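Asks: Here's my sequence, what's the structure:
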Amino acid sequence: MKKNGFVKTSKIYKTGMYRYAYSILKNDDDSQDAIQETIYKAYRNLDGLRDEKNFKSWIYKILTNSSLEIINKRKTYLDIDSNVEIADKDKNIETNLSLWEAVQSLKQPYRDTIILYYYNDLSIKEICDIKKSTKEAIKKQLLRGREKIKNKMGGSI
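Replies: Numbers count the residues shown, from 1 in each chain. Sure thing, here's the model as predicted:
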């Protein structure tokens with residue numbers, strides 16, 4: 001991948017990367033720092049990417065490691081409640097917000113796996129590469145994560 005393509009491709013994934021980093025770090029500033037560090041490391045090690053088709057899982061693996069480094073540096077895991085005001089009580093918005101809150105309330109490894117699969121559209125194989133886990137383990141995490149979300153939402157998903 002050329003340097004021009006890197007900039008363009010990393011911009012495509014920036015929103016998903018932020019959601020993923022925020023799901024781990026629970027802090028806007030730390031999430032932005034993790035993304036910045038990830039992009040720097042990825043750009044610096046671009047020659048290490050063997051196949052451009054693996055760019056997404058490659059950069060998410062770097063993001064996972066960068067996020068974990070931030071957690072290790074601060075040695076605490078902050079859980080910040082965000083007050084979200086919804087002016088329009090549209091049922092769809094409420095459902096999406098409730099679903100996101102249910103996902104955020106999951107413990108690891110279910111939360112990361114659900115976010116990577118459903119919110120960042122990564123395949124099970126890509127998640128296996130990122131989390132260094134087996135296909136069966138990821139499928140089991142998805143199944144249990146969905147069950148926990150369904151229970152939290154009262155079976156309304």
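
Asks: Every contact and neighbour count from this point should use C-alpha atoms.
Replies: Will do.

Asks: so after the helix or strand bottoming out on mean pLDDT in the chain, what's the next helix or strand?
Replies: Every helix and strand of the chain was ranked by mean pLDDT, DSSP states H and E. The lowest is helix 91-105, at a mean of 70. Proceeding N to C from helix 91-105, the next assigned helix or strand is helix 110-114, under DSSP states H and E.

Asks: which non-adjacent residue is nearest the residue nearest in space to the middle of the chain?
Replies: Against the mean C-alpha coordinate of the chain, by Cα atoms, centre = their mean, the closest residue is Tyr20 at 2.2 Å. Excluding the flanking residues, the one nearest Tyr20 by Cα to Cα, 6 or more residues apart in numbering is Ile115, at 6.7 Å.

Asks: residues contacting the one you found?
Replies: Counting by Cα atoms under 8 Å, 6 or more residues apart in numbering, Ile115 touches 20, 23, 103.

Asks: Wait, the second one touches Ser105, no?
Replies: This means Ser23. No - Ser23 is beyond contact range of Ser105, at 9.8 Å (criterion: Cα atoms under 8 Å).

Asks: Need the residues touching each of these two.
Replies: Arg111.

Asks: List the buried residues of stretch 126-135.
Replies: 126-131 (16 or more other Cα atoms under 10 Å).

Asks: I'd like to know which of those residues is nearest to Gly155.
Replies: Ile127 (26.4 Å; Cα to Cα).

Asks: List the contacts of the closest one.
Replies: 57, 113, 116-117, 133, 138.

Asks: Can you list which of the residues you listed are found in helices?
Replies: Members of the contacts of Ile127 lying in helices (criterion: DSSP state H): 57, 113, 138.

Asks: Could you let me know which of those residues ends up closest to Gly16?
Replies: Ser57 (12.0 Å).

Asks: and the gap between that closest one and Ser105?
Replies: 24 Å (Cα to Cα, to the nearest Å).

Asks: Just give me the neighbour total for Asp28.
Replies: 14 (other Cα atoms under 10 Å).

Asks: Repeat that for Lys125.
Replies: Counted with other Cα under 10 Å, Lys125 comes out at 15.

Asks: Can you give the distance of whichever strand or helix holds it from its chain's centre?
Replies: Element membership for Lys125 (DSSP H and E) is helix 124-131. Computed by Cα atoms, centre = their mean, to the nearest Å, the chain-centroid distance of helix 124-131 equals 12 Å.
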